[in-house]
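**Q** Got a predicted structure plus its sequence, pasted below:
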Protein chains: 2
Amino acid sequence: MRDFYPDDVRLQNWLFDTWRAVSRSFGFEEYEGPIFEFLDLYRLKSGDEIVNELFNFTDRGAREFAIRPEMTPSLARMVAARANALPRPIKWFSIPRMCRAEKPQRGRLREFFQWNLDVLGVEDPLADAEVISAAVAFFRACGLTSQDVMMRISHRGVASAALAKHGIPRELIPQAFAVIDKFDRLTPEAFTPMCAERLGADVSAEALRELVTTATMDDCLELATQDGPAGIVDATALRQLWGHLESMGVADVCTFDLRIVRGLAYYTGSVFEAHARQGGLRALCGGGRYDDLTGLLDGPRVPGVGFGMGDVPMIECLKQLGKLPDPGDSIDVFVIDTDASLLPQMLEIVADLRSAGLRADFSYKRTGVGKQFKQAGGRGARYALIVGDELAERGEVTIKDLRTGQQQTVAAAELRQRPVEWLGGV
Amino acid sequence: MRDFYPDDVRLQNWLFDTWRAVSRSFGFEEYEGPIFEFLDLYRLKSGDEIVNELFNFTDRGAREFAIRPEMTPSLARMVAARANALPRPIKWFSIPRMCRAEKPQRGRLREFFQWNLDVLGVEDPLADAEVISAAVAFFRACGLTSQDVMMRISHRGVASAALAKHGIPRELIPQAFAVIDKFDRLTPEAFTPMCAERLGADVSAEALRELVTTATMDDCLELATQDGPAGIVDATALRQLWGHLESMGVADVCTFDLRIVRGLAYYTGSVFEAHARQGGLRALCGGGRYDDLTGLLDGPRVPGVGFGMGDVPMIECLKQLGKLPDPGDSIDVFVIDTDASLLPQMLEIVADLRSAGLRADFSYKRTGVGKQFKQAGGRGARYALIVGDELAERGEVTIKDLRTGQQQTVAAAELRQRPVEWLGGV
């Protein structure tokens, strides 16, 4: 679990603001759910073994709850509850806080946040292209290019056809996906026996390795097209998706990659993962198309496509690449009084500046002007505003630009009337 | 527990943004803690009875945790951990999500958010004045005036002196506070026997009622001043606080009120609660000064003052007063194509608009122009951008202002270069 001191919150707010800005520019709307759900909601989707990975508890009514480990079940529940009322397409995003009862390790903590972005109610590959483009738009907003990060994309249907055409029996294709999913993490020596164990002696590990590492998208589209009507539909969807990614200007960051499987999750069409080119294999985001999100809640069929991107691996990646921004904590103006007797007038001026939306602060201690200037510097103030004897004498105060050192006097009445023009625009 | 559909999130984001803007204008920095803490952290402050009000659970290491029911213990823990490193004053705010295992009722839900704002490390009444002013600044930002809401302020020390001078034995003053705390919720018939039970027959319920309802601040300051050195210190602090509230321009929303006690919490100086003038007695925010926040964690003594303001009663109050804003969901531009063959060019333009930060959307269906215009209206778009044959013919597209109905053509190259100038500023 993390504590977020002000420096940490500033960084997190920058991340969340950027996620929000990208989501909104793509026309997505934000939703949120409760921090815990009925435990059964997670059992329904993932079976009993999920319970060990959850923080679960029982309330006084003996009902079982769990802190959410992912957002998709809540999304499914919320969409199912209003399936008929929500206009299509449903373009939603969220930045949920979630917890998993697993051992903390690099890039994985027990508590984390995750950008979730989904298009529901649409089967058209345009929706797949939109969510992939949104993830890429976020990478670009962080200053990342195709030199830093790649979106690796596959398609479960096209991959199935390619595997079948390469001699994997259809009933073993889920097993083949499970093996391929581990490919990146296995040494060649470990891959061969796993193939034999899961896929039997008839399947050549060497041929499978060859296929997943060298097959181009065109190869796979060709194989899928030869694989009957379903293969043709899948090939067309993948071809369209790629065309849209090109039109949307993100194809340079995208690469077809048969090794992308996305575990044994409920994906049915496109699947994708973004990886940093350096610094380990951990995915920065992962997602894909699922045919029937709400079906697991006995709701009406709602197709969808979406992804999740965690705050922890993303921040770690930006740190490694030296792309972490420095969202400094500067205030607009620090107000200084030259004598304790001026405190009431000083407070009036501070109140006016704040009412105008300026970030204004002052010292709680009636100390010397030098100490107050030092405090102004410590707070990163752009301006110091000095309230001194000339306020009583001539109704004036002094503004000092702490970047340039330049000073000017201004009538206090004028300043209080138009504070942003004098002190805004940091 | 609440689901937040997009309409709900927009309202919540408006509330959080306003809390953040006010906090920042006052020079406060944001912090955050984990969603759950060790159960003992809450036992330490509130004793064993608190456990029944918590959602608590045990992890596989048999450690006891609880979802946070309030932020103050986390704040104390975080400040204690860096007590020597943090520069003073510590001006911090947070908008934590928290849970209480209580029966949901009007204004109280099992899951809620709460604006917490505290100044730590400062004993000067300037800090008390700042936090009260920040709460009032938020009310004003919502359009509330002294006609709508009042900040009722008392001071535990001054109140103790006033009670003592009115014949309440000093050892019974905590009991007297407990009785006064219930005053607003009790009928006169119930108040008298409760006084007798808690304070004994020697204390006149009538005199106590008279004191707490009619005593002015000046009366109480006078009584405190007569009550020895401690009373003089407390009277001076309250008098200074009031002077600062006047200088800060918020005194019109503030009223001295001996009935404000803030339960049996750890407050030691000023105590305050904001109440709406209409619509029930539920406090909109409450807080005060506590002498020793981190002492309960065996940390060094850190004095502080702060308050909490819940999202649920605040939204309910604004709704009742008709002051709830309508943060609409409008996009900047909806892009329309007049023929399916123009989709690639249309997607290129959409991508450019989004890269420039504009909220741009389009139809996933290649339907007629009329249907696309209808969709643009449904999304609250300010502009429609029509991509038609004139793009190929003359390199032009058409912008339609959906508010005025006016249309103009523009070179696509010019639009893609400066999209915000053509379509921004909604």
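**A** On my side now, so go ahead. These numbers come from a predicted model, not from an experiment.
**Q** wouldn't residue A:39 be in contact with residue A:69 here?
**A** No. Look at residue A:39 against residue A:69 with Cβ atoms under 8 Å: they stay out of range, at 10.9 Å. C-beta coordinates here come from the backbone N, C-alpha and C atoms, glycine included.
**Q** hey, what's in contact with both of those two?
**A** Shared contacts of residue A:39 and residue A:69, defined by Cβ atoms under 8 Å, 6 or more residues apart in numbering or on different chains, are found at residue A:54.
**Q** burial of residue A:255, as a residue count?
**A** Counted with other Cβ atoms under 10 Å in any protein chain shown, the neighbours of residue A:255 add up to 15.
**Q** thinking it is in contact with residue A:149, fair?
**A** No. Counting by Cβ under 8 Å, residue A:255 stays clear of residue A:149, with 11.0 Å between them.
**Q** for the spatially closest residue to residue A:266 that is not a sequence neighbour, what are its contacts?
**A** Leaving out its chain neighbours, the residue that sits closest to residue A:266 by Cβ to Cβ, 6 or more residues apart in numbering or on different chains is residue A:290, at 4.9 Å. Taking Cβ under 8 Å, 6+ apart as the contact definition, residue A:290 lies against A:265-269, A:303-305.
**Q** In chain A, where is pLDDT below threshold?
**A** Scanning chain A for pLDDT under 70 picks out A:264-265, A:279-281, A:425-426.
**Q** So which residues on the stretch 251-400 of chain A come close to chain B?
**A** A:329, A:331, A:343-345, A:347-348, A:350-352, A:354-355, A:357-361, A:364-365, A:378-379 (Cβ under 8 Å from any Cβ of the partner chain).
**Q** Could you rerun that using 7 Å?
**A** By the rule Cβ under 7 Å from any Cβ of the partner chain, the part of the stretch 251-400 of chain A lying against chain B is A:329, A:331, A:344, A:347-348, A:351, A:354, A:357-361, A:364, A:378.
**Q** now, the most widely separated pair of these?
**A** A:329 and A:344 (28.4 Å; Cβ to Cβ).
**Q** Give me the more crowded residue out of the two.
**A** Ranked by neighbour count (other Cβ under 10 Å), residue A:329 and residue A:344 place residue A:329 first, with 16 against 13.
**Q** if I read this right, that one contacts residue B:30, doesn't it?
**A** No. At 9.6 Å, residue A:329 and residue B:30 do not qualify as touching, with contact defined as Cβ atoms under 7 Å.
**Q** which residues are in contact with stretch A:180-187?
**A** Stretch A:180-187 is contacted by residues A:191, A:194, A:212, A:259, A:261, A:263, A:281 when judged by Cβ atoms under 7 Å, 6 or more residues apart in numbering or on different chains.
**Q** between those residues, which is nearest chain B?
**A** Nearest to chain B, judged by Cβ to the nearest Cβ, of these is residue A:263 at 23.1 Å.
**Q** Can you tell me the closest non-neighbouring residue to that closest one?
**A** residue A:181 (5.7 Å).
**Q** Skipping adjacent residues, who's closest to the closest residue to chain B within the stretch 101-250 of chain A in space?
**A** Closest residue of the stretch 101-250 of chain A to chain B, Cβ to the nearest Cβ: residue A:247 (3.8 Å). In space, and not counting its chain neighbours, residue A:247 is closest to residue B:347: 3.8 Å by Cβ to Cβ, 6+ apart.
**Q** Assumed the one you found was part of a helix.
**A** Yes. Using DSSP: H, G, I helix; E, B strand; the rest coil, the assignment for residue B:347 is a helix.
**Q** Which positions in the host helix or strand of residue A:410 come out as buried?
**A** Following DSSP states H and E, the helix or strand that holds residue A:410 is strand A:407-411. Neighbour counts over strand A:407-411 (16 or more other Cβ atoms under 10 Å in any protein chain shown) mark residue A:410 as buried.
**Q** got a list of contacts for that strand?
**A** Contacts for strand A:407-411 (Cβ under 7 Å, 6+ apart): A:395-400, A:422.
**Q** Of those, which belong to helices?
**A** Under the assignment DSSP state H, the contacts of strand A:407-411 contribute residue A:422 to helices.
**Q** Report the buried members of the contacts of strand A:407-411.
**A** Buried by 16+ other Cβ under 10 Å: A:396-400, A:422, out of the contacts of strand A:407-411.
**Q** Out of these, the closest to residue A:172 would be?
**A** residue A:422 (74.0 Å).
**Q** show me what contacts that closest one?
**A** Applying Cβ under 7 Å, 6+ apart to residue A:422 gives the contacts A:399, A:410, A:415.
**Q** From what I see, the first one and residue A:383 are in contact.
**A** Yes. Counting by Cβ under 7 Å, residue A:399 touches residue A:383, with 5.7 Å between them.
**Q** so the residue positioned nearest the centre of chain A bridges to which residues?
**A** The residue lying closest to the centre of chain A (Cα atoms, centre = their mean) is residue A:115, at 3.4 Å. Counting by DSSP bridges, residue A:115 forms beta bridges with residue A:309.
**Q** if I read this right, it contacts residue A:307, doesn't it?
**A** No. Applying Cβ under 7 Å, one finds residue A:115 not in contact with residue A:307, separated by 8.2 Å.
**Q** hang on, the earlier thing: now do the shared contacts for residue A:329 and residue B:30.
**A** Common contact partners of residue A:329 and residue B:30 (Cβ under 7 Å, 6+ apart): residue A:6.
**Q** Count residues in the vicinity of residue A:94, would you?
**A** Quick note: residue A:94 (other Cβ under 10 Å) scores 25 neighbours.
**Q** Next: the one 10 residues further on.
**A** One way to gauge burial is a neighbour count; for residue A:104, by other Cβ under 10 Å, it gives 13.
**Q** Also residue A:63?
**A** Quick note: residue A:63 (other Cβ under 10 Å) scores 11 neighbours.
**Q** ok, it to residue A:39 distance?
**A** 9 Å (Cβ to Cβ, to the nearest Å).
**Q** Residue A:192 too?
**A** 40 Å.
**Q** before we move on, the earlier item: of the contacts of stretch A:180-187, grab the buried ones for ChimeraX.
**A** Applying 16+ other Cβ under 10 Å to those leaves a buried subset, and the ChimeraX line that selects it is:
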select /A:191,212,261
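**Q** In helices only, show me the contacts of stretch A:180-187.
**A** Using DSSP H, the contacts of stretch A:180-187 in helices are A:191, A:194, A:212.
**Q** wait, what's in contact with the residue lying closest to the first one once chain neighbours are set aside?
**A** The one in question is residue A:191. Distances taken as Cβ to Cβ, 6+ apart place residue A:205 nearest to residue A:191, at 6.0 Å, with adjacent residues excluded. Counting by Cβ under 7 Å, 6+ apart, residue A:205 makes contact with A:191-192, A:195-196.
**Q** Can you say which two of these are spatially most distant?
**A** Pairwise distances across the contacts of residue A:205 (Cβ to Cβ) peak at 9.9 Å, for the pair A:191 and A:196.
**Q** Can I get the buried ones among the contacts of strand A:407-411 in a markdown table including distance to residue A:311?
**A** Shown next, in a markdown table, are the buried ones among the contacts of strand A:407-411 (distance: Cβ to Cβ, whole Å):
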| residue | distance to residue A:311 |
| --- | --- |
| A:396 | 49 |
| A:397 | 44 |
| A:398 | 44 |
| A:399 | 40 |
| A:400 | 39 |
| A:422 | 38 |
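**Q** Can I get stretch A:191-210 in PDB, CA atoms only?
**A** Presented in PDB, the C-alpha positions along stretch A:191-210 are these (Å, rounded to 0.1, in the frame of the first residue of the first chain):
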ATOM      1  CA  PHE A 191       9.300 -24.100 -24.400                       C
ATOM      2  CA  THR A 192       9.800 -27.500 -26.200                       C
ATOM      3  CA  PRO A 193       8.800 -29.700 -23.200                       C
ATOM      4  CA  MET A 194       5.800 -27.500 -22.400                       C
ATOM      5  CA  CYS A 195       4.600 -27.800 -26.000                       C
ATOM      6  CA  ALA A 196       5.000 -31.600 -25.800                       C
ATOM      7  CA  GLU A 197       3.100 -31.700 -22.500                       C
ATOM      8  CA  ARG A 198       0.200 -29.500 -23.500                       C
ATOM      9  CA  LEU A 199      -0.100 -30.200 -27.300                       C
ATOM     10  CA  GLY A 200       1.200 -33.800 -27.600                       C
ATOM     11  CA  ALA A 201       4.000 -35.300 -29.600                       C
ATOM     12  CA  ASP A 202       2.300 -34.600 -33.000                       C
ATOM     13  CA  VAL A 203       2.800 -30.900 -32.700                       C
ATOM     14  CA  SER A 204       6.300 -29.600 -33.500                       C
ATOM     15  CA  ALA A 205       7.500 -27.000 -31.000                       C
ATOM     16  CA  GLU A 206      10.000 -25.800 -33.600                       C
ATOM     17  CA  ALA A 207       7.200 -25.200 -36.100                       C
ATOM     18  CA  LEU A 208       5.100 -23.400 -33.600                       C
ATOM     19  CA  ARG A 209       8.000 -21.200 -32.500                       C
ATOM     20  CA  GLU A 210       8.700 -20.500 -36.200                       C
END
